[in-house]
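Asker: Give me a 3D structure for the following:
(2 chains)
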Amino acid sequence: DTAVSQTPKYLVTQMGNDKSIKCEQNLGHDTMYWYKQDSKKFLKIMFSYNNKELIINETVPNRFSPKSPDKAHLNLHINSLELGDSAVYFCASSQDETAVNSPLHFGNGTRLTVT
Amino acid sequence: QQQVKQSPQSLIVQKGGISIINCAYENTAFDYFPWYQQFPGKGPALLIAIRPDVSEKKEGRFTISFNKSAKQFSLHIMDSQPGDSATYFCAASKSWGKLQFGAGTQVVVTP
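Answerer: Residues are numbered from 1 along each chain as shown, chains lettered A, B, ... in the order given. The predicted structure is shown next:
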């Protein structure tokens, strides 16, 4: 009964391809996120959704498009993959948008390698 | 521009020793300061957090020290164990804001 699950765990693909990463949470949380962790382990927020509505959209290339079909799911689609997209992508959820009252629960990550 | 600066980048400590990780922030509006722990192959998980109305918070072997005037906070791991080997991230936010993470500190505890 994993709280935040994302698939696939590993994704190896060639430049120019389009790929998707799926995320589901069973915690009943209202807010979901995508984070990118680079090779130096730096964590950077990409997107945040609250009840299916986009609330944070950091400076991310528009090749990245999140989609939230319902509040338990937040998928990430990436078009025209580039070498620099190689990273570990983490999905996370929290009860609401208030950092104080609702800690982030992270999935175990998807390691994307673009060749 | 990184809003939370974390040091050191890596740390090796012997079993039983004390691990100390330091973080500094600039935004005086920040009022929530959590620490996350990440094991290899896993996502980060909340370890301990502090609000600025207290100067110290302790949970088991983990202690956060907070210095509001210096805009600094630190994590102390007492009696470090090999199972504590992980990457530790400090973070900061306003109550309603997004978390700003530090760059992470890789801690290795040798037997």
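
Asker: Can you dump the C-alpha atoms of stretch A:26-33 in CSV for me?
Answerer: This file holds the C-alpha atoms of stretch A:26-33, laid out as CSV (Å, rounded to 0.1, in the frame of the first residue of the first chain):
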residue,chain,number,x,y,z
ASN,A,26,-3.6,7.1,-2.1
LEU,A,27,-3.3,9.5,0.8
GLY,A,28,-6.4,11.5,0.0
HIS,A,29,-4.2,14.6,-0.4
ASP,A,30,-5.4,17.7,-2.3
THR,A,31,-2.0,18.9,-3.7
MET,A,32,0.4,17.1,-5.9
TYR,A,33,3.8,18.1,-7.3
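
Asker: That one: how far from the chain's middle?
Answerer: Centre-to-centre, stretch A:26-33 and its host chain are 12 Å apart (Cα atoms, centre = their mean, to the nearest Å).

Asker: Please see if it touches chain B.
Answerer: No: applying Cβ under 8 Å from any Cβ of the partner chain, one finds stretch A:26-33 separated from chain B by no less than 8.5 Å. Quick note: C-beta positions are derived from backbone N, CA and C, even for glycine.

Asker: tell me what the helix or strand of chain B with the lowest mean pLDDT is packed against?
Answerer: In chain B, no helix or strand scores lower on mean pLDDT, DSSP states H and E than strand B:100-101, which sits at a mean of 92. If contacts are counted by 3 or more Cβ pairs under 8 Å, 6 or more residues apart in numbering or on different chains; DSSP states H and E, strand B:100-101 sits against strand B:86-92.

Asker: For the strand it packs on, which outside residues touch it?
Answerer: A:41, A:43, B:3-4, B:6, B:21, B:23, B:25, B:27, B:30, B:32-40, B:44, B:47, B:73, B:75, B:99-102, B:104-107 (Cβ atoms under 8 Å, 6 or more residues apart in numbering or on different chains).

Asker: Just the ones of the residues you listed in helices?
Answerer: Using DSSP state H, no member of those sits in helices.

Asker: For PyMOL, write a command that selects the buried ones of those residues.
Answerer: Buried residues among those (16 or more other Cβ atoms under 10 Å in any protein chain shown), as a PyMOL selection:
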select buried, (chain A and resi 41+43) or (chain B and resi 4+6+21+23+25+30+32+33+34+35+36+37+38+44+47+73+75+99+100+101+102+104+105+106+107)
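
Asker: Give me the nearest residue to A:Val4, chain neighbours excluded.
Answerer: Closest residue to A:Val4 apart from its sequence neighbours, by Cβ to Cβ, 6 or more residues apart in numbering or on different chains: A:Gly107 at 4.1 Å.

Asker: So what's the residue count around that neighbour?
Answerer: For A:Gly107, the count of nearby residues is 24 (other Cβ atoms under 10 Å in any protein chain shown).

Asker: so what's it scoring on pLDDT?
Answerer: If you check A:Gly107, the pLDDT there is 97.

Asker: do A:Val100 as well
Answerer: 69.

Asker: just B:Leu46 next, same as before
Answerer: For B:Leu46, pLDDT reads 96.

Asker: for the chain, what spans make up the strands?
Answerer: Using chain A. Ranges of strands in chain A, per DSSP state E, are A:4-7, A:10-13, A:19-25, A:31-37, A:43-50, A:53-57, A:64-70, A:73-78, A:87-94, A:105-106, A:110-114.

Asker: right idea, wrong chain: chain B
Answerer: Remark: strands assigned in chain B by DSSP E are B:4-7, B:10-14, B:19-25, B:33-38, B:45-50, B:56-59, B:62-67, B:72-77, B:86-92, B:100-101, B:105-110.
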